[in-house]
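Visitor: Requesting a structural model of the entry that follows:
(chains A, B, C and D)
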2 protein chains.
Amino acid sequence: MAKGEATRDAILERALSMASQTGLEGLTLGSLAKEAGLSKSGLFAHFQSKEQLQLDVLGTAVARFIETVIAPALREPRGEPRVRALFERWLQWEDAPFLPGGCPFVALANELDDRPGPVRERLVGYQRDWLQALATAARIAVDEGHFRADLDAEQLAFNLYAIILSYHHFSRLLRDPAAETRARRAFEALLAASRA
Amino acid sequence: MAKGEATRDAILERALSMASQTGLEGLTLGSLAKEAGLSKSGLFAHFQSKEQLQLDVLGTAVARFIETVIAPALREPRGEPRVRALFERWLQWEDAPFLPGGCPFVALANELDDRPGPVRERLVGYQRDWLQALATAARIAVDEGHFRADLDAEQLAFNLYAIILSYHHFSRLLRDPAAETRARRAFEALLAASRA
DNA sequence: GCGATAAACGACCGATCGTGCTATTTTCTT
DNA sequence: AAGAAAATAGCACGATCGGTCGTTTATCGC
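Guide: Numbers count the residues shown, from 1 in each chain, chains lettered A, B, ... in the order given. Modelled structure (predicted):
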């Protein structure tokens, strides 16, 4: 059962790439099969349904996000350096080579916000985890004396998310070359306002 | 030719509602026809193609945005009050009763950012206009002495967009009841940092 | 009120959607 | 090398997609 798992992983890799561009609904079995180089039914046998495929793609995206963004940032020193690393790697994540359509979570969020179901629920769960991780990092920075004692950690997480979303918008839709500079400038202003 | 135009407008109204939830691609002729109460071919006759329908829906959205957000705000006094009105009405726009799926521009932006074509181009044009309007309002506030003389108006527009997008995310996907408070708090902080 | 015209309909096209079922091929075990 | 098991392919299904066509119905100018 080694071969099956290998092709399954290869399929999911391709699927993540495509989903970042077209979303989970636009990701059809036919196009994915063509891209992965096997028949539609051969591909379908790896998943019991399209919904399961979507869940697996979402899981793949999360795994990639953890190893690309979260894990390295958690190796940085506690406090502001770690918050900075989280933001910096999050920003780079948007342009990862295996995500030609940009952050899949942004695409999925807009696709699923009105479509109830297990895929949406799982995405919401992951988003909550991520926001909690951001808020925790901010609270640690308070403990370390880097940030103000009365800092609202959840508000900071909201503001960080705001910058990333705006960067995504300016960069991907408007193709604005200044998007990255704008995002960094907003981030520095946010840090300055948060410091002790 | 009065009757035709009336039903056409009714169709576009329905279509805008549906597009705010499902996007422009998810908006199918069949479902729209059922919703509007006519046959698929009868509906299709009003538009020459689905792309034309999409363009018309986009135009309808812009018309609504102008009359709901921009026009009333421009009647406010120049300077900070007008900037505040623009933001406040923009925030309310996200929950307009005729937009059950939230701001259609956010949905469309994510849907079209990787799909080239005339619909995307027109959306980008509208977005640029809107950003320019925001920056202009900010510059007027500088002229009026409300905002700092060295304020970066485009950066402010980027930050305003950020808040709205984050509000959209927290409110629609996460269903966070604190989203509105968070957005207003971020806006007030932005204003405070911009004042002279 | 009548004839012209605009508007809506129903049937149908080829393509593609997700998803079964059955063969066939490939891989793994022994 | 042979046989079991896993992986893949082939084919077909009902539904729906955007779109075309000829026909019928409703509206409008006179």
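Visitor: Number of residues surrounding residue A:18?
Guide: Residues contacting residue A:18 under the criterion other C-beta atoms under 10 Å in any protein chain shown number 22. Where you see a C-beta, it was placed from the backbone N, CA and C, and this is true even at glycine.
Visitor: How about the secondary structure of it?
Guide: Secondary structure state of residue A:18, per DSSP: H, G, I helix; E, B strand; the rest coil, is helix.
Visitor: mind checking how far it is from DNA strand C?
Guide: Using C-beta to the nearest atom of the strand, to the nearest Å, residue A:18 is found at 11 Å from DNA strand C.
Visitor: list the contacts for that residue?
Guide: A:27, A:31, A:32, A:35, A:101 (C-beta atoms under 8 Å, 6 or more residues apart in numbering or on different chains).
Visitor: Go again with 7 Å.
Guide: By C-beta atoms under 7 Å, 6 or more residues apart in numbering or on different chains, the contact list for residue A:18 reads A:27, A:32, A:35.
Visitor: I'd assumed residue A:9 was in a helix, is it?
Guide: Yes - judged by three-state DSSP, residue A:9 forms part of a helix.
Visitor: Run through the residues of chain A sitting next to DNA strand C.
Guide: Contact residues (C-beta under 7 Å from any atom of the strand) of chain A with DNA strand C: A:1-3, A:27-31, A:40-41, A:44-45, A:48-51.
Visitor: Can you tell me which of the residues you listed has the most neighbours?
Guide: Neighbour max across the residues of chain A next to DNA strand C (other C-beta under 10 Å) = residue A:27, 22 neighbours.
Visitor: from what I can see it touches residue A:17, true?
Guide: No - applying C-beta atoms under 7 Å as the test, residue A:27 and residue A:17 come out as separate, 9.8 Å apart.
Visitor: what's the closest non-adjacent residue to the residue in chain A that DNA strand C sits nearest to?
Guide: Of all residues in chain A, the one sitting closest to DNA strand C is residue A:30 (2.6 Å; C-beta to the nearest atom of the strand). Once flanking residues are discounted, residue A:30 sits nearest to residue A:40: 5.5 Å by C-beta to C-beta, 6 or more residues apart in numbering or on different chains.
Visitor: surely the one you found meets residue A:31?
Guide: No - counting by C-beta under 7 Å, residue A:40 does not reach residue A:31; the two are 9.6 Å apart.
Visitor: for chain A, which spans come out with low pLDDT?
Guide: A:1, A:3-4 (pLDDT under 70).
Visitor: Using CSV, list the CA coordinates for stretch A:156-164.
Guide: Output of stretch A:156-164 as CSV, limited to C-alpha atoms (Å, rounded to 0.1, in the frame of the first residue of the first chain):
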residue,chain,number,x,y,z
LEU,A,156,-3.9,42.8,17.5
ALA,A,157,-4.8,39.5,15.9
PHE,A,158,-7.7,41.2,14.1
ASN,A,159,-5.3,44.0,12.9
LEU,A,160,-2.7,41.6,11.7
TYR,A,161,-5.3,39.6,9.8
ALA,A,162,-6.4,42.9,8.3
ILE,A,163,-3.0,43.7,6.9
ILE,A,164,-2.6,40.3,5.4
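Visitor: So for it, what gets flagged as buried?
Guide: A:156, A:157, A:158, A:159, A:160, A:161, A:162, A:163, A:164 (16 or more other C-beta atoms under 10 Å in any protein chain shown).
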